[in-house]
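Chemist: Using only what follows, build the 3D model:
(chains A and B)
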2 protein chains.
Amino acid sequence: MLESIKSLVEAKNVKELRTITEDMNEADIADAVEQLEPEGRVILFRALRKDMAAEVFAYLSPDTKEALVSQLTAPELGRIVDELFLDDAADLVEELPADVVKRILENASPETRRGINQLLQYQEDSAGSIMTTEYISLRPDMNVEQSFKHIREVGTDKETLYTCYVTDPKGILIGVVTVRTMLLSQYADKIGDIMTDTNLISVNTNDDREKVTELFQKYDFIALPVVDSEKHLVGIVTIDDAMEVLEEESTEDFHKMAAMLPMDEPYLAMSVGELARKRVIWLMVLMISATLSGSILTHYQSVFAALPALIASIPMLMDTGGNAGSQSSTLVIRGLAVGELKIRDFMKVFFKEIRVSLLVGGGLAVVNFFYKYAMSGDFLLSLTVGISLFATVIFAQTVGGMLPLLAKAVGFDPALMAAPIVTTIVDAGSLTMYFAVASKVMSMGA
Amino acid sequence: MLESIKSLVEAKNVKELRTITEDMNEADIADAVEQLEPEGRVILFRALRKDMAAEVFAYLSPDTKEALVSQLTAPELGRIVDELFLDDAADLVEELPADVVKRILENASPETRRGINQLLQYQEDSAGSIMTTEYISLRPDMNVEQSFKHIREVGTDKETLYTCYVTDPKGILIGVVTVRTMLLSQYADKIGDIMTDTNLISVNTNDDREKVTELFQKYDFIALPVVDSEKHLVGIVTIDDAMEVLEEESTEDFHKMAAMLPMDEPYLAMSVGELARKRVIWLMVLMISATLSGSILTHYQSVFAALPALIASIPMLMDTGGNAGSQSSTLVIRGLAVGELKIRDFMKVFFKEIRVSLLVGGGLAVVNFFYKYAMSGDFLLSLTVGISLFATVIFAQTVGGMLPLLAKAVGFDPALMAAPIVTTIVDAGSLTMYFAVASKVMSMGA
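Modeler: Residues are numbered from 1 along each chain as shown, chains lettered A, B, ... in the order given. Purely as a prediction, here's the structure:
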């Protein structure tokens, strides 16, 4: 398919390109556009049907969008922006450089411009910032047949028509009715009679967008209404946008948990300087903190001067402690993120982690003892390492499980209490325990 | 709301309970059921309208479902299972104990039983295992009005009615038509003329469920058809189920990346033994691997015997190396998971990580040098630590970035190449470099 598009683009066969693309999905056409040379992109893009062109445009990567915008004429640009769903147009305005945005907005219709500006006023990561204002409103005295007629007239540029909203004359949301309900009712049924008008689920424009994804996960909705502080309906969020947010929120957590500032651009699109900046800050903080563990080693210098063989187990203790702790913190962070765990589960998590770590630590310690004894033949040394490992795992998993909950309780982001910080804390603890145990056990031997 | 339900349940006021719940969302009723005592649950549950009861049941936690099943009569159970969407019923059968399942299936209609058994034959994590067989089929010679009539007749127990499927007499998928298209067409338009019949996007029953979520993210669908190897339509996956899968896949990656076997039950629902088993295996493997780093320390014993101050920086080097490496591996693993990165980007990632690590490593090394020098006043020691840190970060970020791509290239799960394994490898490398640098620099001073 891509090959035939490429040769048609080279032959500048616009007519045949139009015929081929008519049958293609917009996401696939966008893939093809991405893979063409800049001159070829414009040829393919101009061959598209007007309404398809806008949708294809919405699927393109920011870089390609920017390049394409510079190649298109003013009226072409205006048409695309007018055809885009308003939330996509607002996203476009946010991700392109200011001079490109200026060119775009100049060529859009006044109505589109107003819509975009309205959406841009909401704070990043708020429900308002991911909503669209293009929804279908119905009146309660319409019947199903009239509603279908209305949908047929105004539906083409609405993001979804499957959930329709009913407002009172002041614009306050009074009901929701799905096309499912309408299709399963009679044509003569009144919207006011079949709509849901109690326990309406909605979000406020200022609510965090995570609340939106939580509601989509709790209720099987296709769209969710967004209201302002006076309960006026101002927009809707559709499930495909919520799914995108869900993916972005997970990515953000992955980044934070690996001690990076969250990035909202794809890896390959980020500059080396930007990538370095996002990574270096936490590494710096953790590097300085890790000197604490170093000073513990210095403090106990006399112990390992007397028995240098102790040093060989330091990496194993530090790594196992870090790994064991990050298991617990990962489970709790993710549990909090998906709503399985709440702050009130603190004691439950605490007792569970204690018991799990007794089993895990015990298992590891026994295996390690025999392994170490087989390798070194030194009973007291193996005993020291085994006991220290046992204590380290218990300490690591308890700390790892509690820290994210504590962070959440005092209003910090639990995702920050992940492997890197847990490891730093656990290292200090496990080294201290190691030397304490060593002093005790070795003195028994002496 | 919960309070009034509680008091109505206590008063056994079934009539009022029915009235209140009629207006509530099923997910909220399920929340209320969860919070009642066992006897109260049955009272509330029996007060529900029959079709609502099944939906409420689908929202309950596995434990509550199991408890409730034991309290309900055989005919009540049969009705619930018959009313459930088939994919929910199949999930129920998979998550409940065998004796409970037997009781349920005995009371379901033969048709439901056949449907459930059909769904159960698909492999876990396949598209077949998450699909439902309850979709709407239309014939190409129907017009829109007839289609709406058909939907009205058969729609109530279909998971979605917004996307309808057209098959030929042999059951082969030949077209897809959305209610959106139908609503925007004329009542007399023929389905065969308005349906999409080229480039149909579908998945095979045996495809991995991750492919399903990828397609939902690429295309803005509400449902996706599932076909067998001969292209017969056998079911559909709806977007709300895909969203759940997306969440589960992310959770699985979080678990794997923290060196745990993936768990599909909530943290609080898992037994201590089960949790310990999921965690201990990788810890054991990593513990044994970490002894490699220990043997490096033993090997260079003479170096730090000559200069014990070297030991103080070992935790900092190990931790920073581990953190730096896991940043890179996290970025690449997540990039692969969301489809931003492909195996073919190997060289791009390689060169990017080299350059980023030069910046990050350089910055950290300079800060560390001055910090160490200010603390110790030992120029050569500070130089040794600074150079080693620089080399460690470059090594860590390059290895961290490459390993997941290599794993993917040879068919392993990239999520396994995360912090724990990267740390173990980087530790061995950074300690070796540290002692090599120390020998060189110190000999300069001598």
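
Chemist: List the residues that contact the nearest residue to residue A:307 once chain neighbours are set aside.
Modeler: Excluding its sequence neighbours, the residue lying closest to residue A:307 (C-beta to C-beta, 6 or more residues apart in numbering or on different chains) is residue A:442, at 6.5 Å. For the C-beta atoms, the positions are set from N, CA and C on the backbone; glycine is no exception. Residues in contact with residue A:442 (C-beta atoms under 8 Å, 6 or more residues apart in numbering or on different chains) are A:303, A:306, A:307, A:380, A:384.

Chemist: Just confirm the last one is within a strand.
Modeler: I take that to be residue A:384. No - counting by DSSP: H, G, I helix; E, B strand; the rest coil, residue A:384 is not part of a strand but helix.

Chemist: which ones are touching it?
Modeler: A:310, A:434, A:437, A:438, A:441, A:442.

Chemist: and with 7 Å instead?
Modeler: A:437, A:438, A:441 (C-beta atoms under 7 Å, 6 or more residues apart in numbering or on different chains).

Chemist: now it: how far from chain B?
Modeler: Distance, residue A:384 to chain B, by C-beta to the nearest C-beta, to the nearest Å: 14 Å.

Chemist: Would you mind listing the outside residues contacting the helix or strand of chain A with the lowest mean pLDDT?
Modeler: Across the helices and strands of chain A, the lowest-confidence element by mean pLDDT, DSSP states H and E is helix A:98-107, at a mean of 77. Residues outside helix A:98-107 that contact it (C-beta under 7 Å, 6+ apart) are A:66, A:69, A:74, A:75, A:77, A:78, A:81, A:93, A:113.

Chemist: Let me see the ranges of the strands in chain A.
Modeler: A:137-138, A:163-167, A:173-178, A:203-204, A:223-227, A:233-238 (DSSP state E).

Chemist: Partner strands of the first one and their direction?
Modeler: Which is strand A:137-138. Under the criterion DSSP bridges, strand A:137-138 sits next to strand A:163-167 (parallel) in its sheet.

Chemist: between the strand it pairs with and strand A:233-238, how big is the angle?
Modeler: For strand A:163-167 against strand A:233-238, the angle between stretch directions is 170 degrees (axes from the mean of the first three to the mean of the last three C-alpha atoms, to 10 degrees).

Chemist: State the mean pLDDT of strand A:163-167.
Modeler: Confidence for strand A:163-167, expressed as mean pLDDT, is 92.

Chemist: Repeat that for stretch A:329-347.
Modeler: 91.

Chemist: go on, stretch A:285-300?
Modeler: Stretch A:285-300 comes out at a mean pLDDT of 88.

Chemist: buried residues in it?
Modeler: For stretch A:285-300, burial by neighbour count (16 or more other C-beta atoms under 10 Å in any protein chain shown) applies to A:286, A:287, A:289, A:290, A:291, A:293, A:294, A:296, A:297, A:300.

Chemist: Please list which of those also come close to chain B.
Modeler: By C-beta under 7 Å from any C-beta of the partner chain, the members of those lying near chain B are A:286, A:287, A:290, A:291, A:293, A:294, A:297.

Chemist: Looks like the last one contacts residue B:309 (just checking).
Modeler: This means residue A:297. No - the criterion here is C-beta atoms under 7 Å, and residue A:297 misses it with residue B:309 at 9.9 Å.

Chemist: returning to what we had before: could you tell me what pLDDT the model assigned to the residue nearest to residue A:307?
Modeler: 76.

Chemist: what's the answer for the one 3 residues further on, then?
Modeler: Looking at residue A:445, its pLDDT reads 63.

Chemist: domain ranges for chain A?
Modeler: Chain A is divided into the following domains under automatic domain parsing: A:2-121, A:137-238, A:267-445.

Chemist: Off-centre distance for the last one?
Modeler: Spelled out, that is domain A:267-445. 28 Å (C-alpha atoms, centre = their mean, to the nearest Å).

Chemist: again with the second one
Modeler: Taking C-alpha atoms, centre = their mean, the mean C-alpha location of domain A:137-238 is offset from the chain mean by 26 Å.

Chemist: End to end on it, go ahead and measure it.
Modeler: Domain A:137-238 has an end-to-end distance of 15 Å (C-alpha to C-alpha, to the nearest Å).

Chemist: Next up, the contacts around the spatially most central residue of chain A.
Modeler: Of all residues in chain A, the one closest to the mean position by C-alpha atoms, centre = their mean is residue A:249, 1.7 Å from it. Going by C-beta under 7 Å, 6+ apart, residue A:249 touches A:210, A:213.

Chemist: hmm, try it at 10 Å
Modeler: When contacts are counted by C-beta atoms under 10 Å, 6 or more residues apart in numbering or on different chains, residue A:249 touches A:125, A:208, A:209, A:210, A:213, A:262, A:337, A:415, B:250.

Chemist: From what I see, the first one and residue A:208 are in contact.
Modeler: Just to be clear, that refers to residue A:125. Yes - using C-beta atoms under 10 Å, residue A:125 makes contact with residue A:208 at a distance of 6.2 Å.

Chemist: and the contacts of helix A:98-107 as TSV, adding distance to chain B and neighbour count?
Modeler: Shown next, in TSV, are those (distance: C-beta to the nearest C-beta, whole Å; neighbours: other C-beta atoms under 10 Å in any protein chain shown):
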residue	distance to chain B	neighbour count
A:66	18	15
A:69	22	20
A:74	29	11
A:75	26	9
A:77	23	21
A:78	24	19
A:81	19	24
A:93	20	21
A:113	25	18
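
Chemist: Pick out whichever of those sits closest to residue B:322.
Modeler: Nearest to residue B:322 among the contacts of helix A:98-107, counting by C-beta to C-beta, is residue A:66 at 37.8 Å.

Chemist: ok, of the contacts of helix A:98-107, which one's closest to residue A:333?
Modeler: Closest to residue A:333, out of all of the contacts of helix A:98-107 and judged by C-beta to C-beta, is residue A:93, at 33.9 Å.

Chemist: and stretch A:350-358, anywhere near chain B?
Modeler: Yes - applying C-beta under 10 Å from any C-beta of the partner chain, one finds stretch A:350-358 touching chain B at A:351, A:352, A:353, A:354, A:355, A:356, A:357, A:358.

Chemist: Show me which of these are buried.
Modeler: A:352, A:353, A:355, A:356, A:357, A:358.

Chemist: Need the nearest residue in space to the first one, chain neighbours excluded.
Modeler: In space, residue A:352 comes closest to residue B:272 once its chain neighbours are excluded; the distance is 6.3 Å by C-beta to C-beta, 6+ apart.

Chemist: which residues touch the one you found?
Modeler: Contacts of residue B:272 (C-beta under 10 Å, 6+ apart): A:351, A:352, A:353, A:354, A:355, A:356, A:357, A:358, A:359, A:360.

Chemist: From residue A:362, how far off is the first one?
Modeler: Using C-beta to C-beta, to the nearest Å, residue A:351 is found at 17 Å from residue A:362.

Chemist: which ones are touching residue A:429?
Modeler: Counted by C-beta under 10 Å, 6+ apart, residue A:429 has contacts A:293, A:296, A:321, A:325, A:391, A:392, A:395, A:396, A:399.

Chemist: can you put the residues you listed in a markdown table and add distance to residue A:427?
Modeler: Compiled in a markdown table, these are given as follows (distance: C-beta to C-beta, whole Å):
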| residue | distance to residue A:427 |
| --- | --- |
| A:293 | 4 |
| A:296 | 9 |
| A:321 | 7 |
| A:325 | 10 |
| A:391 | 14 |
| A:392 | 9 |
| A:395 | 11 |
| A:396 | 10 |
| A:399 | 11 |
